[in-house]
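In: model this:
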Amino acid sequence: MSIHSKHKDHDLAVGTIGLGIRPALIVIDMSLGFTHPSSPLGGNFSSQIEQTKTLLDLFRLKDLPVYFTSVFYHDETVASVFRTRLPDLNILKTSSHWIEIDPRLSRQSDEPVIEKQWPSAFFKTELYQKLCDDSVDSIIVVGLTTSGCVRATVVDGLQYNFPVFVVPEACGDRNLKAQSAALHDINAKYGMVMLKDDLVNKLKNL
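Out: Coordinates of the predicted model:
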């Protein structure tokens, strides 16, 4: 008998997690380097931007914390293995317009941009401390790309013991199969995938 035949082919049982009373919205890498089709890292994510704008409007109306992230590199030594593996990342230099948050999102001056160099928004950044300072008790993660930086942020968010929610309509990926697999994986283990309208209804009741 093979080891695989000892395991049943079904998902683990999962419980329900609560949204909390002070959720934060984390917008992952919606910079021009990822949102503009002419970028080697980019694609057409107009729909995801529109869905994210709806969430941003609500968070701003309710005065809830919003954070953006952007990948950029100050010199050639940082994340050298990651950049060797994905050389298109090298366009994300501090002097480049590619690191700017897409203007369609109308980022406000009091909404921080977290500089990151690796997939997770938490890894070697100040994000966790900012969430603590803002008394955040759950996080909603949207952005690009679902199978990469969104997923990595969700896993780390869980590891910092935050309830994590992902809005599928506001997440994008150049590979739709990878997106589907990532959302399934997130919902099965690390967070809750929640449709935008359902999340909006919960936020309106806070």
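In: longest strand in the chain, please.
Out: strand 164-172 (DSSP state E).
In: what strands line up against it, and which way round?
Out: Taking DSSP bridges as the criterion, strand 164-172 sits next to strand 138-144 (parallel), strand 192-193 (parallel) in its sheet.
In: buried ones in the next helix or strand after that strand, by neighbour count?
Out: Following strand 164-172 in sequence order, the next helix or strand is helix 176-185 (DSSP states H and E). By neighbour count with 16 or more other C-beta atoms under 10 Å, helix 176-185 contains the buried residues 179, 182, 183, 185. Yep, even glycine has a C-beta here, placed from its N, CA and C like the rest.
In: what do you get for stretch 75-84?
Out: Neighbour-count burial for stretch 75-84 [16+ other C-beta under 10 Å]: 79, 83.
In: chain center to the longest strand of the chain, what's the gap?
Out: 8 Å (C-alpha atoms, centre = their mean, to the nearest Å).
In: with stretch 117-130 instead?
Out: For stretch 117-130, the distance to the chain centre is 11 Å (C-alpha atoms, centre = their mean).
In: so what touches it?
Out: 26, 28, 67, 69, 71-73, 78-79, 82, 112, 114-116, 148-149, 151-153, 155-157, 160 (C-beta atoms under 8 Å, 6 or more residues apart in numbering).
In: drop anything exposed from the residues you listed.
Out: The buried subset of these - by 16+ other C-beta under 10 Å - is 26, 28, 67, 69, 71-73, 79, 112, 114-116, 148-149, 151-153, 155-157.
In: which one of the strands paired with strand 164-172 lies closest to residue 100?
Out: Checking the strands paired with strand 164-172 against residue 100 by C-beta to C-beta gives strand 138-144 as the closest, at 14.3 Å.
In: that older thread, what about the buried ones among the contacts of stretch 117-130, which are in strands?
Out: Among the buried ones among the contacts of stretch 117-130, DSSP E puts 26, 28, 67, 69, 71, 114, 115, 116 in strands.
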